[in-house]
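[1] okay, predicted coordinates and the sequence, questions at the end:
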Amino acid sequence: MDTQQNQQRIKAIYQMLFEMATGNLSFRIIKTDQNDEVGKLSEMLNKLAGEMHDILLRSGYVNPHYSYQNLVQTTFILDDNFIISSFNAHVPEALYYESEELFQADFGKFIAPQSFSIWNQKKMEASLDDNYHSTVQLIFIMANNKLLPSFCTISRLRYSDKIVISSITTILQELLSDAKFVIKTNPKKQSEAVVMQSIYDYILNHLEEPLPTLKKLAAMFASEEHKLKIGFRKYFNTSVYNFYHLERLKKSHLLIQQITIPLKEIAFMCGFSTYLNFYKAFKKQYGYAPSDLSRPSE
């Protein structure tokens, strides 16, 4: 097998790991005839995801998974005493602190004990070098007492005593670990949980296709139309159609920012029959047109 094919197989493994990390346990790596180490690893991951999915459903859990993520850049500006004098808008979003809690606070206050020694070392180095620049992993303490590991660049600004600390952080649209996003069902109703989870997974994996009617969806998953309608809203706090509609728009928003293909093609990729329908729905949801988003260069 040539190098390019092997790279694609390894890329599929990374994709699988990402999908599992966001809670999508229905994703699978396509099997090949290769029985080498990469093939064995792919088979093991497929098996693990299947077992995890079955265990959760047998236990009566419904875990919404989140396929869309944002890569945000967090930037702190510190004075020569390492006090936060400014920061960009993504910092409160990433760390879940109010802006007032961050401004004029000691940066070290937000560093986890596991990173104290590293941060103290970097402080000393930055104090002694006017041209200081370093990259290091720091672990932040978020407002909800969770830990956020992040690779940071620490640099001194030229002709200034200011220090800039920047990092790229992955933010899921919802925090999967929050209790309000994990629903424990009555064991007697596990079959209902299985059906709702299956419908949820099906919709996320078929966003580019027209949404089947509730009657057809119910038939596909051996349920009844009224049970599907009530059950989906109970578990996911929204209707089947609204969920499908919003997930298509989320997908389109992400694609516009990450790939360079024409907006009309992105609209079709996200299941919209015409660009006009897509444009109206997008602008109604986000308050701006698809063309207003910043796009990557070619």
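    Thanks, I have the structure now.

[2] would you mark the buried spots in the helix or strand hosting His253?
    For His253, the host element (DSSP states H and E) is helix 240-258. Residues of helix 240-258 classed as buried: 240, 243-245, 247-256 (neighbour count, 16 or more other CB atoms under 10 Å). C-betas here are computed from N, CA, C, even on glycine.

[3] list of residues touching the helix or strand just after it?
    Counting by DSSP H and E, the next helix or strand C-terminal to helix 240-258 is helix 263-269. Here helix 263-269 makes contact (CB atoms under 8 Å, 6 or more residues apart in numbering) with 208, 252, 255-256, 259, 274-275, 277-279, 290-291.

[4] quick one: Leu249 and Pro210, what's the gap?
    15 Å (CB to CB, to the nearest Å).

[5] which stretches of the stretch 1-150 of the chain form helices?
    3-21, 37-58, 90-95, 99-102, 116-128 (DSSP state H, counting those that start in this stretch).

[6] quick one: closest of those helices to Ile30.
    Ranking the helices of the stretch 1-150 of the chain by their distance to Ile30 (criterion: CB to CB) puts helix 3-21 first, at 7.2 Å.

[7] for that closest one, buried residues please.
    9, 12, 16, 19-20.

[8] out of those residues, who's nearest Leu214?
    Glu19 (27.0 Å).

[9] so what's that closest one scoring on pLDDT?
    On the pLDDT scale, Glu19 is placed at 69.

[10] just Tyr61 next, same as before
    pLDDT, read off for Tyr61, is 61.

[11] what does the one 10 residues further on give?
    Predicted confidence (pLDDT) at Leu71: the value is 59.

[12] what is the least confident helix or strand in this structure?
    strand 183-184 (a mean of 43; mean pLDDT, DSSP states H and E).

[13] quick one: the helix or strand that comes right after it to helix 37-58, angle?
    Once the chain leaves strand 183-184, the next helix or strand it forms, by DSSP H and E, is helix 190-204. Counting by axes from the mean of the first three to the mean of the last three CA atoms, to 10 degrees, helix 190-204 points 130 degrees away from the direction of helix 37-58.

[14] which residues sit in contact with Tyr202?
    217, 220-221.

[15] give me the buried subset of the residues you listed.
    By 16+ other CB under 10 Å, the contacts of Tyr202 give Leu217 as buried.

[16] nearest to Ser166, of the contacts of Tyr202?
    Closest to Ser166, out of all of these and judged by CB to CB, is Leu217, at 45.5 Å.

[17] could you report the separation of Leu78 from Asn120?
    In terms of CB to CB, Leu78 sits 14 Å off from Asn120.

[18] got it, and Gln285?
    46 Å.

[19] what does Met196 give?
    50 Å.

[20] residues contacting Ser99?
    With CB under 8 Å, 6+ apart, Ser99 has these contacts: Pro92.

[21] pLDDT wise, what is it at?
    91.

[22] what do you get for the one 5 residues further on?
    Each residue has a pLDDT score; the one for Gln104 is 94.

[23] quick revisit: separate out the buried members of the contacts of helix 263-269.
    252, 255-256, 275, 278-279, 290.

[24] correct me if wrong: Leu207 contacts Gly271.
    Yes: Leu207 lies in contact with Gly271 (CB atoms under 8 Å); the separation is 5.6 Å.

[25] mutual contacts of those two, please.
    The contact lists of Leu207 and Gly271 share Arg248, where a contact means CB under 8 Å, 6+ apart.

[26] could I get the helices of the stretch 1-150 of the chain as CSV with distance to Asn144?
    What follows is the helices of the stretch 1-150 of the chain, written out as CSV (distance: least, CB to CB, whole Å):
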stretch, distance to Asn144
helix 3-21, 19
helix 37-58, 23
helix 90-95, 9
helix 99-102, 13
helix 116-128, 20
